[in-house]
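Colleague: Prediction below, plus the sequence it came from.
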Amino acid sequence: MNRSLISFGVVVTLFLSYGFLHADTIKMVDGSKKLKVKVIEEDIKKVTYKKGSLPQQSVPSDQVLEVLSDSGSNDYKTLMETYANQDFGGAAGLFAEFADSLGDSQPALQSYCLFKSAECYQKVGDNGEAVKAYTYFANTFSNHRLYPDALQQRAICYINTQQLDKAKEGFDLLEKQISKKGLDDYWK
């Protein structure tokens with residue numbers, strides 16, 4: 001009996017520790033934060049998350065400034081350090097590789113990494129790779145809260161490479177998607 005009680009205690013402790021060590025943070029536009037949550041899904045209208053044993057909750061996407069994910073893996077920590085050190089060229093590849101390694105097991109984290117990869121390419125001025133990465137993100141995650149950002153940034157990359165016709169097409173697509181998806185006034 002004591003042995004099973006101790007085993008149960010160890011399992012509960014590990015489970016709770018995992019939840020606190022591998023927690024996501026949702027930064028809100030108003031400056032508040034949702035700490036130690038597990039983001040389940042980020043879609044165009046809402047970010048769904050779970051905190052502890054509470055039922056799933058959500059916040060409107062237009063109120064979310066940023067979602068900081070944490071997989072707890074050493075590879076993820078390395079890529080985040082690379083990003084924090086502003087080695088955006090190195091971080092771009094690491095984000096893409098890490099996203100590929102996740103497969104479909106963690107779609108919220110995978111989408112975050114793919115978007116950050118595109119953003120890093122853009123930061124180092126590799127607009128061609130950024131366009132490819134934003135295009136892949138937009139095609140794969142067309143219902144994600146960052147979808148309009150991806151379309152906008154892709155059009156900006158086209159401007160940066162003097163492909164003004166493609167930039168105009170990109171902004172036209174963004175405008176069409178804003179209407180189609182019923183996005184808020186910020187995007188209009």
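Modeller: Ah, there it is. What you see is a predicted model; the values in this text were computed from it and never measured. Numbering: from 1, shown residues only.

Colleague: Within the sheet, what are the partner strands of the lengthiest strand in the chain, with directions?
Modeller: In the chain, taking DSSP state E as the definition, the longest strand is strand 33-42. Partners of strand 33-42 in the sheet, by DSSP bridges, are strand 24-28 (antiparallel), strand 46-50 (antiparallel).

Colleague: Let's see the first one as CSV, backbone CA atoms only.
Modeller: Looking back up the chat, that one is strand 24-28. The C-alpha trace of strand 24-28 is given here as CSV (Å, rounded to 0.1, in the frame of the first residue of the first chain):
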residue,chain,number,x,y,z
ASP,A,24,3.6,28.6,-22.4
THR,A,25,2.9,32.3,-21.8
ILE,A,26,0.3,34.3,-23.6
LYS,A,27,1.2,38.0,-23.6
MET,A,28,-1.9,40.2,-24.0
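
Colleague: residues making contact with that strand?
Modeller: Applying CB atoms under 8 Å, 6 or more residues apart in numbering, the set of residues contacting strand 24-28 from outside is 33-39, 47, 49, 59, 63-70, 108. (Each C-beta comes from the backbone N, C-alpha and C, glycine too.)

Colleague: do that again at 7 Å, thanks
Modeller: Strand 24-28 has contacts (CB atoms under 7 Å, 6 or more residues apart in numbering) with 33-35, 37-39, 47, 49, 59, 63-70.

Colleague: so what's Leu68 up against?
Modeller: Applying CB under 7 Å, 6+ apart to Leu68 gives the contacts Asp24, Thr25, Lys27.

Colleague: Are any of these buried, and if so which?
Modeller: Buried subset of the contacts of Leu68 (neighbour count, 16 or more other CB atoms under 10 Å): Asp24.

Colleague: just curious, which of the contacts of Leu68 is nearest to Asp75?
Modeller: Of all the contacts of Leu68, Asp75 sits closest to Asp24, with 17.0 Å by CB to CB.

Colleague: quick one: the closest residue to that closest one other than its chain neighbours from Ala138, how far?
Modeller: Computed as CB to CB, 6 or more residues apart in numbering, the closest residue to Asp24 that is not its neighbour in sequence is Val39, at 4.5 Å. Using CB to CB, to the nearest Å, one obtains 20 Å as the distance from Val39 to Ala138.

Colleague: Equivalent analysis for Asn127, please.
Modeller: 16 Å.

Colleague: So between those two, which is more surrounded?
Modeller: Neighbour count, other CB atoms under 10 Å: between Asn127 and Ala138, Ala138 has more, with 24 against 21.

Colleague: Was I right to think the more buried one contacts Ala150?
Modeller: Yes: Ala138 lies in contact with Ala150 (CB atoms under 7 Å); the separation is 4.6 Å.

Colleague: Could you list the buried residues of the longest strand of the chain?
Modeller: Residues of strand 33-42 classed as buried: Lys34, Val37, Lys38, Val39, Glu41, Glu42 (neighbour count, 16+ other CB under 10 Å).
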